[in-house]
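Visitor: Quick one, what's the 3D model for this:
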Amino acid sequence: MMKAVKIAMRVASVLALAGFGANLAAQDSTFSASRASAYSDVTGWPDFTGVWNPDWSILFASGGGRQAVQPVLTPAAQAELDAFRERQEREGVDQFLQVHCIPPGMPGIMRQPYPLEFLFSPARVTILAETYSQSRRIYVGQQLPEDPDPLFNGTSVGRWDGDELIVETVGFNELVSYLAGVTHGEQMHIRERFWLEADDVLRVETTITDPGVLAEPLVQQLAFRRQPTWSIREYECNENNRLVDGEDGANVDLGLEEEGDPFGPPPSE
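Guide: Numbers count the residues shown, from 1 in each chain. As a prediction, this is how the structure comes out:
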C-alpha cells in the first residue's frame, strides 16, 4: 500500500513539473518587455533619488522661514485648541503617542529632523523616512479613492507637471494631527508640490485644507539638501522605548537611577 502511495506521489510531481514547464513555455511565447519600457519613463523623471536631509537654513535664506505659518482655525477648532493648551498647562505634556511608538503620519512624517530617501519605480515614487522606519507610496498616474481607508500616511497619488511632482493625499487615521490638540476632519486633504531648486536642493510646498477645522488653507514650505554619502539608518522605536506608561502616558520614568543603566550616572568609585 505504501509503495503504491509513493508511486502516485511521484507521478503527481512529474505531472506538476510538466504543467509548470508548459506554463513557462506559454509565458515565453507571449512575453513582452513592458517592464523595460516602463523604466524608460522613470529615467525621464527629474532626479529626486537619493538621501535628503532637512535644511532650515535654506528657508531662512530665501525668506520663507522668518516666521512659522500659523493655521487659521474655525471657532470650534480654536475652542478645542484652547482647551487642550489649558489642560496641558494644568497636567503637563501628554506623552501617549510617544509612549506607544505611534508614528506621526502625514504631514508630520515629512517634518521630522531626520533624513528621507526617494526611490523611483514604474508608476511609483516611494519615500523612505528614517523616522520610525516609515514609508510613503505615491502612486503616479492614478486617481484618488472615493472612500479611502483611514491610514497614518493617507493614500497618495501623484502626477508630473513639467519638472514638478504634484501629490494629493487623503484618508487619515484619527490619531494624525497637523496641530497638537486639534482633531482633523474627515475631509482633510493635503496637496504637495515637489521641485528641484538646484541639483542638491529639493523644495516642497504643502497645502492643507480641512473643512470645518481650518478657516483657510494652511500653506507651508520645506527644504532638503541632498546627501550623496548618507544612508538611511534603522529607527526602531520599541527598541529604545524607555518611557513608562502612566495615565494617558503623562508619567515618564527614564529609570536613570537603575544600576547598570547605560544612560544613567557613572558608577561611584
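Visitor: now the strands for this protein?
Guide: 50-54, 116-121, 124-129, 134-140, 155-161, 164-170, 189-198, 201-209, 218-226 (DSSP state E).
Visitor: what about Leu144, neighbour count?
Guide: 15 (other Cβ atoms under 10 Å). Bear in mind the C-beta positions are built from the backbone N, C-alpha and C, glycine included.
Visitor: swap in the one 4 residues further on?
Guide: Neighbours of Pro148 under the rule other Cβ under 10 Å: 13.
Visitor: try the one 4 residues further on
Guide: Look at Phe152: counted by other Cβ under 10 Å, it has 18 neighbours.
Visitor: cool, the one 10 residues further on as well?
Guide: Other residues within reach of Gly162 by the criterion other Cβ under 10 Å amount to 8.
Visitor: Over to Gly171?
Guide: Other residues near Gly171 come to 20 when the count uses other Cβ under 10 Å.
Visitor: That one reaches Leu151, doesn't it?
Guide: Yes. Judged on Cβ atoms under 8 Å, Gly171 makes contact with Leu151 at a distance of 5.8 Å.
Visitor: ranges for the helices of the stretch 1-150 of the chain?
Guide: Secondary structure of the stretch 1-150 of the chain by DSSP state H, counting those that start in this stretch: the helices cover 2-30, 34-42, 56-61, 75-91, 96-99.
Visitor: Which residues are in contact with Val125?
Guide: Phe48, Phe118, Leu119, Arg137, Ile138, Val140, Gly158, Leu165 (Cβ atoms under 8 Å, 6 or more residues apart in numbering).
Visitor: what number of residues lie near the residue nearest to the second one when sequence neighbours are not counted?
Guide: Distances taken as Cβ to Cβ, 6 or more residues apart in numbering put Phe48 closest to Phe118, at 4.3 Å, once the chain neighbours are dropped. Applying other Cβ under 10 Å, we find 20 residues neighbouring Phe48.
Visitor: Would you list the phi and psi of Phe48?
Guide: The phi and psi values for Phe48, taken as degrees, to the nearest 10, are phi -90, psi 0.
Visitor: That one is in contact with Glu197, isn't it?
Guide: No. With contact defined as Cβ under 8 Å, Phe48 does not reach Glu197; the gap is 12.0 Å.
Visitor: Around Arg85, how many other residues sit close by?
Guide: With neighbours defined by other Cβ under 10 Å, the count for Arg85 comes to 12.
Visitor: Look up the closest residue to it, ignoring the ones flanking it.
Guide: In space, Arg85 is closest to Gly181, 6.4 Å off (Cβ to Cβ, 6+ apart).
Visitor: how deep is the one you found tucked in, by neighbour count?
Guide: Other residues close to Gly181 by other Cβ under 10 Å number 16.
Visitor: quick one: Glu91 from Phe84, how far?
Guide: Counting by Cβ to Cβ, to the nearest Å, the gap from Glu91 to Phe84 is 11 Å.
Visitor: Check the residue nearest to Arg85 and give its pLDDT.
Guide: Note on Gly181: pLDDT of 94.
Visitor: give the contact list for it.
Guide: Counting by Cβ under 8 Å, 6+ apart, the residues that Gly181 touches are Glu80, Leu81, Ala83, Phe84, Arg85, Gln88.
Visitor: before we move on, what about Glu174?
Guide: Glu174 is in contact with Pro150, Thr183, His184, counting by Cβ under 8 Å, 6+ apart.
Visitor: Perfect, I'm done here.
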